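Chemist: below are the sequence and a predicted model for it; my questions follow.
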Amino acid sequence: MSKALEPAGPSDGVNRWGLVDLFAGCGGASAGFLATGAFDHLWAADNDRWAAATYEKNLGHEVATVDLLEVAESSADVWAAGIRARHRGPICLVGGPPCQGFSSHVKVRGDSRGRNTLYGAFVTLAIALEPEVVVIENVPDLFATRNWELFADARSRLSDAGYRVRARILNFAEFGVPQERFRAVVIASRADHPEVRFPAPTHAQGAFSSVQEWIGELSPVASGEVAEDDAMHQASRHSKATLEIIRQVPADGGNRPIGVGPECLDRTRTSHGGYTDVYGRLAWQTTAPTITARCRTPSCGRFIHPEQHRGLTAREAALLQTFPSNWHFVGPFDDRFKQIGNAVPPLAARRIAEAVLSGGSHSEAGVVEIGDEPIGSSFSVLIPGIRRRGGRLAEGN
Ligand SMILES: C[S@@+](CC[C@H](N)C(=O)[O-])C[C@H]1O[C@@H](n2cnc3c(N)ncnc32)[C@H](O)[C@@H]1O
């Protein structure tokens, strides 16, 4: 086994939980699990060197920068044995495998069950490791028609390996994250372990955490400036034309007025009623929209500061993702936003971790429980209906 695959550091846990994080990114999921104080870090991997460096800097644990597809294909059993040999307590395997579906490349390689996809690789590693609990986080379109085969095959492979598998779409705003962030979450519990339930909601619609609560206290910075006391609080330098548009967007939740900015945006807005978020401002008293890798760019969504004339800084984006206020993102300017936008919000991860620890019976958060059918062609078209129904996909969910 290569050095990068060797688990680092001792683990004395007999009864303590061990944490293995695959596709670990900058560590959002791990940060939440480790914050409970009940998990020992066992192993984390990601093939992005900047994300791995951020993980290491803030969490103090080494990240193996390996291609997990290769690990799954060539050494899953050796890898699993190495981890099992050094931890006697229960293990929770978490991961956010990118879901690229069945590409033509995969078809050429001839695996009809998706094992050659990153999602399939994650399941291969899970089955080799046999952790007590497996948690997968992904975009909601994991359950859409085009990805259904990928999900359904993963579910049946885990079931065949003795896991009870449940899948839901959650809105992380229900856990206090100041964002409307819908995500697919799969929780699989090994048959000889108590079944893990989804966490209980802590915040109801109408009482979600607000933008003001999380970024209202930060010092103002102008386009192109960086705060003296925080290198992460740095705003993009916008062009003159962009600044001209931004200045005309009303403060605190305003939309780009018709006639301001590119004409094509007006055409799509009037003919399809769409793109109202483009060049929109965040509102102080509500949640932010989903924070993405593009949130420093006003033309990519509702990402303009409620009052200041600029897109979000990495610090603001990270706080809206519930990272601690001193978290440092390593790497080039744009890469910091990629790491932040990709991450599981640590607060949501913490709630999931607590559910892993507690088991028990409680009401479970969630927009919908996934059954035997895909949710449709795309999740985004369902969002307006979900909002109307108080956060659920259908009555009674
Ligand atoms: C959605 S992000 C995971 C975010 C992470 N769970 C968090 O909370 O910060 C997916 C990650 O998969 C990594 N990745 C993509 N392909 C990979 C591969 N073949 N091997 C290892 N990691 C890979 C990307 O670099 C990215 O950081």
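Modeler: Alright, I've got the coordinates.
Chemist: which non-adjacent residue is nearest the residue of the stretch 101-250 of the chain found nearest the ligand?
Modeler: Ranked by C-beta to the nearest ligand atom, the top residue of the stretch 101-250 of the chain for proximity to the ligand is Leu118, at 5.5 Å. The way it works is simple: take the backbone N, C-alpha and C, and place the C-beta from them, glycine included. Of all residues not flanking Leu118 in the chain, Pro97 sits nearest, at 4.4 Å (C-beta to C-beta, 6 or more residues apart in numbering).
Chemist: does the one you found touch Ile136 like I think?
Modeler: Yes. Using C-beta atoms under 8 Å, Pro97 is in contact with Ile136, at 7.1 Å.
Chemist: tell me which of these two has more neighbours.
Modeler: Ile136 (27 against 23; other C-beta atoms under 10 Å).
Chemist: and the closest residue to Gly254 other than its chain neighbours, what does it touch?
Modeler: Spatial nearest neighbour of Gly254, excluding adjacent residues (C-beta to C-beta, 6+ apart): Arg281 at 5.0 Å. Shown in contact with Arg281 (C-beta atoms under 8 Å, 6 or more residues apart in numbering): 249-254, 302, 304-306.
Chemist: sorry, back to before: could you report the distance from the residue nearest to Leu118 to the ligand?
Modeler: Note on Pro97: its distance to the ligand, by C-beta to the nearest ligand atom, to the nearest Å, is 7 Å.
Chemist: OK, contacts around that residue?
Modeler: 22-23, 68, 117-119, 121-122, 136, 138 are the contacts of Pro97 under C-beta under 8 Å, 6+ apart.
Chemist: what's the most distant pair in these?
Modeler: Within the contacts of Pro97, Leu68 and Asn138 form the most distant pair, 14.8 Å apart (C-beta to C-beta).
Chemist: just the buried positions in the lengthiest helix in the chain, please.
Modeler: Among the segments of the chain that qualify as a helix by DSSP state H, the longest is helix 68-84. The neighbour-count check on helix 68-84 (16 or more other C-beta atoms under 10 Å) flags 68-69, 71-72, 75-76, 79-80, 82-84 as buried.
Chemist: after it, which helix or strand is next?
Modeler: Once helix 68-84 ends, the next helix or strand along the chain (criterion: DSSP states H and E) is strand 91-95.
Chemist: partner strands of that following strand, with direction?
Modeler: Partners of strand 91-95 in the sheet, by DSSP bridges, are strand 17-22 (parallel), strand 133-138 (parallel).
Chemist: surely Thr322 meets Ala349?
Modeler: No. Applying C-beta under 8 Å, one finds Thr322 not in contact with Ala349, separated by 9.0 Å.
Chemist: which of these two has more neighbours?
Modeler: Relative neighbour count places Ala349 above the other of Thr322 and Ala349, with 28 against 25, counting by other C-beta under 10 Å.
Chemist: and the more buried one, that's in a helix?
Modeler: Yes. If the criterion is DSSP: H, G, I helix; E, B strand; the rest coil, then Ala349 is within a helix.
Chemist: returning to that earlier point: which neighbours do Pro97 and Ile136 share?
Modeler: Phe122.
Chemist: tell me the domain ranges of the chain?
Modeler: The domain map for the chain lists 3-205+345-388, 211-342, with the assignment taken from automatic domain parsing.
Chemist: would you format those as a markdown table with mean pLDDT included?
Modeler: Conversion of the domains of the chain to a markdown table gives the following (pLDDT from 0 to 100):
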| stretch | mean pLDDT |
| --- | --- |
| domain 3-205+345-388 | 89 |
| domain 211-342 | 92 |
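Chemist: residues near Val278, how many?
Modeler: Neighbour tally, Val278, other C-beta under 10 Å: 20.
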